[in-house]
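Peer 1: okay, predicted coordinates and the sequence, questions at the end:
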Amino acid sequence: MRLTGGELLARCLAVEGVRYVFGLMSPEVDPLLAALEDNGILFVPVRHEAAAAYMAEGIYKTTGQVAAIVTNPGPGTANLLPGVVTARHEGVPFVAITSQHQLGVVYPCTPKTFQGQDQIDLFRPAVKWGAPIFAWNRI
């Protein structure tokens, strides 16, 4: 079996004790979603990205377990921001995984890019740490 970035990320989440991933499906995150079940992680689809953050917050407040969130590119990622701000304010940890289109399409990010945005700058004031992963071997 060829190891994909999605499989590697799922393994990393499982090793850290993540048992739930909340979010929306999209082609950009399909490799991760395909690997979750084999790593003992339940994917819970939502209808809005902020709801994913609130659900992850609920898991932490009721069980003490840290959950993860995965978003679509562009507006999907921006929709997550209110939930991230709320969780940060309340001291609730979770892992937010935002997706993006292929590297050559969006970086350097321009306003002309389809659903492209500078996610790092968008989230900088609201997260403890954030960084892009430009290559799967950096996971």
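Peer 2: Structure received. Residues are numbered from 1 along each chain as shown.
Peer 1: quick one: the helices in the chain?
Peer 2: Using DSSP state H, the helices of the chain run over residues 5-15, 30-36, 49-63, 75-90, 103-106, 119-123.
Peer 1: nearest residue to V84 in space, please, no chain neighbours.
Peer 2: Closest residue to V84 apart from its sequence neighbours, by C-beta to C-beta, 6 or more residues apart in numbering: A126 at 4.8 Å. To be clear about C-beta, it is placed using only N, CA and C from the backbone, and glycine gets the same treatment.
Peer 1: still on that earlier bit, output the helices of the chain as JSON lines; include the columns mean pLDDT.
Peer 2: Listed next are the helices of the chain as JSON lines, based on pLDDT from 0 to 100:
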{"stretch": "helix 5-15", "mean pLDDT": "94"}
{"stretch": "helix 30-36", "mean pLDDT": "94"}
{"stretch": "helix 49-63", "mean pLDDT": "95"}
{"stretch": "helix 75-90", "mean pLDDT": "89"}
{"stretch": "helix 103-106", "mean pLDDT": "59"}
{"stretch": "helix 119-123", "mean pLDDT": "76"}
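Peer 1: just send the ones you listed back as JSON lines, with mean neighbour count and distance to P132 too.
Peer 2: Shown next, in JSON lines, are these (neighbours: other C-beta atoms under 10 Å; distance: least, C-beta to C-beta, whole Å):
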{"stretch": "helix 5-15", "mean neighbour count": "18", "distance to P132": "13"}
{"stretch": "helix 30-36", "mean neighbour count": "19", "distance to P132": "16"}
{"stretch": "helix 49-63", "mean neighbour count": "19", "distance to P132": "18"}
{"stretch": "helix 75-90", "mean neighbour count": "18", "distance to P132": "12"}
{"stretch": "helix 103-106", "mean neighbour count": "12", "distance to P132": "9"}
{"stretch": "helix 119-123", "mean neighbour count": "16", "distance to P132": "6"}
